[in-house]
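Asks: Provided below are the primary sequence and the corresponding predicted coordinates.
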Amino acid sequence: MQDAMGLAVIGLGTMGQIHARNLASGIHGARLVAMADPDLIRGSQASAAGAPSPVFGEFRRALDCSGVDAVIVASSTSTHGTVLREALARRLPVLCEKPLAASSEEALALHRAFRDAGIPLQIGLMRRFDPSYRRAFELVGEGKLGTVYHYSGISRDAVAPPAEVARGSGGFLADTGVHEFDMAAWLLGSSIHRVFARGGLFVSHYLADNGDVDLAHVSFVTQAGSMGLVELGRNAMYGYDIRTEVLGSKGAIRIGVSAATGTTLLTAEGVCSDHLQGYISRFQEAYRAEVQDFVSKLRDGVDLAVTGEDGLRAVTVAEAAESSLRAGREVEVVYAE
């Protein structure tokens, strides 16, 4: 392997362009070697935004580029299986954007394939790399909360995605819910055992064609008996809003960054504060940190921080929540390893 590990980015939508720019602007020990997207205009946009490298319309050509040592997969969820299997055939380590797959069955097959081949697979559950969430995890581990027994999470996008984007995402509970389900298990230290979900369409009625919702509530209990509530919203309108609280026998931890600058204007006309408008600005540090961690661990030959198994478990919970939503009853989460 060269001194600088060569990475290819597959898929140049919003997330792919974030990863490409971060690689181009400096991930220690890594360099951007190739990019691929069937929409070459997006490739041109990534290059113009500071991520110059060869751009291919066919992703296999990027995987076959000289100097590619690992891959970031940021294509739509529906394509993950195809791209990951091609990367595996070339024995290339992968950082795959969440969710790992649209179904637990496919996620299990992918996890097992990489595990059995001994090829590293990391899932883009980037909140684990966000400083505020990492600090919360450390405080729980230090016993500052005593026995943790409740998780509360709110994830609200400013506006819902276009129909075609939502169609390829795997559904709201999988696309967004996996972050909350992963965080809940991580911070509570116990896997989610049973879920009950409700949902509806209140603003983005066009999502009915996808059989999707724009608001969902999920309550759950973990295998250790702790409890939780998750709200997923697609149309906050005022901005991007992510809030988390963990409750324990000695107190609580609150994680919430919604203001862009933390500045509030107070005048005779009223009180006004600026709000974050999207996940790019909220988690920009986490996106860079997860790729840096991926590269560093590959170079050091140590286990990855967020594995295919973590991705599988989050998808399994999301699928159980989807089943609960459709059936209108509590559903047990059955994990496969």
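Replies: Perfect, I can see it now.
Asks: rest of the way, CA atoms for contacts and neighbours
Replies: OK.
Asks: Poorly predicted segments of the stretch 101-250 of the chain, please.
Replies: Across the stretch 101-250 of the chain, nothing is flagged by pLDDT under 70.
Asks: Let me see the ranges of the strands in it.
Replies: 121-124, 148-156, 192-200, 215-222, 227-233, 241-248 (DSSP state E, counting those that start in this stretch).
Asks: Same list (the ones you listed) but as TSV, adding mean neighbour count and distance to Ser78.
Replies: Formatted as TSV, the strands of the stretch 101-250 of the chain follow (neighbours: other Cα atoms under 10 Å; distance: least, Cα to Cα, whole Å):
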stretch	mean neighbour count	distance to Ser78
strand 121-124	26	15
strand 148-156	22	23
strand 192-200	22	23
strand 215-222	21	22
strand 227-233	22	21
strand 241-248	20	26
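Asks: so can I have CSV of the ones you listed showing distance to Leu276?
Replies: Formatted as CSV, the strands of the stretch 101-250 of the chain follow (distance: least, Cα to Cα, whole Å):
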stretch, distance to Leu276
strand 121-124, 21
strand 148-156, 11
strand 192-200, 25
strand 215-222, 20
strand 227-233, 15
strand 241-248, 7
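Asks: among the ones you listed, which is nearest Asp274?
Replies: Closest to Asp274 of these, according to Cα to Cα: strand 241-248, at 11.9 Å.
Asks: Can you point out the buried residues in the helix or strand following the closest one?
Replies: Remark: after strand 241-248, the chain's next helix or strand is strand 251-256, criterion DSSP states H and E. Neighbour-count burial for strand 251-256 flags 252-253 (criterion: 16 or more other Cα atoms under 10 Å).
Asks: So what are the sheet partners of strand 251-256 and their directions?
Replies: Strand pairing for strand 251-256, using DSSP bridges, gives strand 241-248 (antiparallel).
Asks: Could you check the pLDDT of Ala259?
Replies: At Ala259, the model reports a pLDDT of 66.
Asks: To clarify, my last question referred to Ser47.
Replies: pLDDT at Ser47 comes out at 74.
Asks: for Glu86, same thing?
Replies: Residue-level confidence at Glu86 comes out at 98, pLDDT.
Asks: again, but for the one 4 residues further on
Replies: Model confidence at Arg90, expressed as pLDDT, equals 98.
Asks: same deal with Met1?
Replies: Looking at Met1, its pLDDT is 46.
Asks: mind checking how far stretch 26-42 is from the chain centre?
Replies: Taking Cα atoms, centre = their mean, to the nearest Å, one finds stretch 26-42 lying 19 Å from the centre of the chain it belongs to.
Asks: closest to Phe294 out of the strands of the stretch 101-250 of the chain?
Replies: Judging the strands of the stretch 101-250 of the chain by Cα to Cα, what sits closest to Phe294 is strand 121-124, at 7.4 Å.
Asks: separation between Leu108 and Ala318?
Replies: Separation of Leu108 from Ala318 (Cα to Cα, to the nearest Å) stands at 14 Å.
Asks: Could you pull up the residues touching the residue lying farthest from the centre of the chain?
Replies: Note on the chain: the largest C-alpha distance from the chain mean falls to Ala268, namely 41.6 Å (Cα atoms, centre = their mean). If a contact means Cα atoms under 8 Å, 6 or more residues apart in numbering, then Ala268 has no contacts.
Asks: what's the neighbour count on the residue lying closest to Ala101 once chain neighbours are set aside?
Replies: Counting by Cα to Cα, 6 or more residues apart in numbering, Ala107 is the residue found nearest to Ala101 once chain neighbours are left out, at 5.1 Å. The tally of other residues near Ala107 (other Cα atoms under 10 Å) stands at 24.
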